[in-house]
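J.: Structure for the following, please:
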Amino acid sequence: MRIGELSRRSGVSQRLLRYYEEQGLLRPQRRPSGYREYLSCDVAVVRRIRGLLAAGLSTATISSVLPCIREDDERLVPTCPDLVAQLRRERDRIDQAIEDLTTSRQILDTVITAAPSAPSPAN
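T.: Numbers count the residues shown, from 1 in each chain. Have a look, this model is predicted:
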């Protein structure tokens, strides 16, 4: 199938599909005319990519873990023995980012509450 059909079936824009190809996440064949030719299984690959992006993984990380992920109904399931440890490290990274953002928000709240009260508008 061509890129327009994959876009329609997956619900992902052609622009994003090209980006996934640039990142090495999709590897379509090329016709002699230069058109990309995707397989029907690429719809599931795009679905896995979207799921891993939603989980907070970068495209670089997805590139390394994608071959070790399969779908079981609506769930993504790791298939390589060392993948779970890598995913735990990614989860720890996300936890740290959440902690850092929470600290930033608390600092901003402190600054905001330290501001003098705004004068009431004149009626």
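
J.: okay, which residue is most central for this structure?
T.: With distances taken as C-alpha atoms, centre = their mean, the residue of the chain nearest its centroid is L53 (1.4 Å).

J.: Surely that residue is in a strand?
T.: No - with DSSP: H, G, I helix; E, B strand; the rest coil as the criterion, L53 is located in helix rather than a strand.

J.: need the helices for this structure, in chain order.
T.: Listed in chain order, the helices of the chain (DSSP state H) span 3-10, 14-22, 42-54, 59-65, 83-114.

J.: Kindly format the C-alpha coordinates of the fourth one as CSV.
T.: Presented in CSV, the C-alpha positions along helix 59-65 are these (Å, rounded to 0.1, in the frame of the first residue of the first chain):
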residue,chain,number,x,y,z
THR,A,59,11.9,7.9,18.9
ALA,A,60,15.6,6.9,19.5
THR,A,61,14.5,4.6,22.3
ILE,A,62,11.6,3.3,20.3
SER,A,63,13.9,2.4,17.5
SER,A,64,15.8,0.1,19.8
VAL,A,65,12.8,-1.5,21.6
